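> compute the structure for the input listed below.
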Amino acid sequence: MLQNSRVATRLPAQDLERARAFYAEKLGLEPVEERPGGLLYECGGGRFSLFESTGAASGDHTQMAWEVDDIDTVVERLRNHGVVLEEVDVPGLRTVGGIAYVEGNYPSAGVGERAAWFRDSEGNLLGIGQPVR
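Purely as a prediction, here's the structure:
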């Protein structure tokens, strides 16, 4: 029923202009379209939008992530732009220098993943990951 449909992420923003500035200044992203109360972005063939909301992001789980080819370079660039990475130290998952090794992966994506997380200006928890093959 939905297998041929595109998937897109929606992220809440209590302050849309603050969020626009974060995504531009920290991540180098500009919206490809906008409407009252919303900004649409495209990355690598996928889409996500920020929408004005009075609700707060849960920030308790990864809400959106990018798959990258070189996580070390991406982490360095993010830090150079003032992005603060989350430090994680829970059973089975620990970051070292902001990057964690995640055991296992889907067979088509390799044997594991190196991953890092950060929050946007609105409290949304975002991730970056590099498959380990």
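> the host helix or strand of Pro131: which residues count as buried?
Here Pro131, judged by DSSP states H and E, is contained in strand 125-132. In terms of neighbour count (16 or more other CB atoms under 10 Å), strand 125-132 has its buried residues at Leu125, Leu126, Gly127, Ile128, Gly129, Gln130, Pro131. All C-beta atoms are positioned from the backbone trio N, CA, C, and that covers glycine.
> which residues touch Trp117?
Thr62, Leu85, Glu86, Val88, Leu125, Leu126, Gly127, Ile128 (CB atoms under 8 Å, 6 or more residues apart in numbering).
> surely it forms part of a helix?
No - counting by DSSP: H, G, I helix; E, B strand; the rest coil, Trp117 falls outside a helix, being strand.
> distance of it from Leu85?
Relative to Leu85, Trp117 is positioned 7 Å away (CB to CB, to the nearest Å).
> just Glu25 next, same as before
From Glu25 to Leu85 the distance is 17 Å (CB to CB).
> next: Ala21.
Distance, Ala21 to Leu85, by CB to CB: 20 Å.
> in terms of neighbours, single out the busier of those two.
Higher neighbour count among Ala21 and Leu85: Leu85, with 17 against 12, using other CB atoms under 10 Å.
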